[in-house]
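Undergrad: Let's see this in three dimensions:
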Amino acid sequence: MKQLFAMAVPILPGKTKDWKKFIDELRDKRFNEFSQSRKKLGVRERTFLQSTPQGDHVLVTLEGEDPYTAFSNFAKGNDEFTKWFVGQVKEIHGFDLQNPPSGPLPEMVIDSMEAVLHH
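TA: Got it, this is the predicted structure:
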C-alpha cells in the first residue's frame, strides 16, 4: 500500500532565486538523474513553493511503499547527483540532509479518503 510523506522546509532569506534556479536545473538538464534517484528510492516526489508573510517555504511530498525510509536513505547516496543535491539543499535551506535535525518526522493526521490511525 502506498504511503504519503509531506514536509515543509523554509527557504533561507534571500535564497528563493537560487531555489528557482535549482528547480529549473532539476526540471531540465538533471531531470533524468532526479527521476532515477527517486525511482531507486521507490518514491514519487512532488514539490510545491509556498510564499507566506514569514518567508518562502517548500512543501515536499514523497509517495511510495515506504517514503519515510526513502527520506532517511536519500542522502546516503555517494553519486555525483546526490552530492550536488545535498549541497544545494544545504545552501538554500540551511540544513544538511546527511545530518538532518533531530526530532520526529512529519506525521499525517487526517486523510479525507481513509481513517488515519495513531500509534
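Undergrad: which other residues reach the helix or strand bottoming out on mean pLDDT in the chain?
TA: Least confident element among the helices and strands of the chain, by mean pLDDT, DSSP states H and E: helix 67-74 (a mean of 88). Helix 67-74 has contacts (C-beta atoms under 8 Å, 6 or more residues apart in numbering) with 3-5, 7, 37-38, 41-43, 62, 64, 82, 97, 105. (Glycine included, C-beta is placed from N, CA and C.)
Undergrad: Out of those, which sit inside strands?
TA: Secondary structure from DSSP state E places Gln3, Leu4, Phe5, Met7, Val43, Leu62, Gly64 of the contacts of helix 67-74 in strands.
Undergrad: how far is the least confident helix or strand of the chain from where the chain is centred?
TA: 10 Å (C-alpha atoms, centre = their mean, to the nearest Å).
Undergrad: Can you give me the neighbour number for the nearest residue to Leu105 once chain neighbours are set aside?
TA: The spatial neighbour of Leu105 that comes closest, neighbours along the chain excluded (C-beta to C-beta, 6 or more residues apart in numbering), is Tyr68 at 5.9 Å. By other C-beta atoms under 10 Å, the residues close to Tyr68 number 14.
Undergrad: Kindly report the same for Thr82.
TA: Thr82 has 17 nearby residues by other C-beta under 10 Å.
Undergrad: Over to Met108?
TA: With neighbours defined by other C-beta under 10 Å, the count for Met108 comes to 11.
Undergrad: Spell out the secondary structure type for it.
TA: Classification of Met108 by DSSP: H, G, I helix; E, B strand; the rest coil places it in coil.
Undergrad: Just the pLDDT for it.
TA: We have a pLDDT of 85 for Met108.
Undergrad: And for the longest helix that the chain contains, what's in contact with it?
TA: Determined from DSSP state H, the single longest helix within the chain is helix 80-93. Applying C-beta under 8 Å, 6+ apart, the contact partners of helix 80-93 are 9-12, 15, 18-19, 22, 30, 33-34, 37, 58, 74-75, 77, 95-98.
Undergrad: From the residues you listed, keep the buried residues only.
TA: 9-11, 15, 19, 22, 30, 33, 37, 58, 74-75, 77, 97 (16 or more other C-beta atoms under 10 Å).
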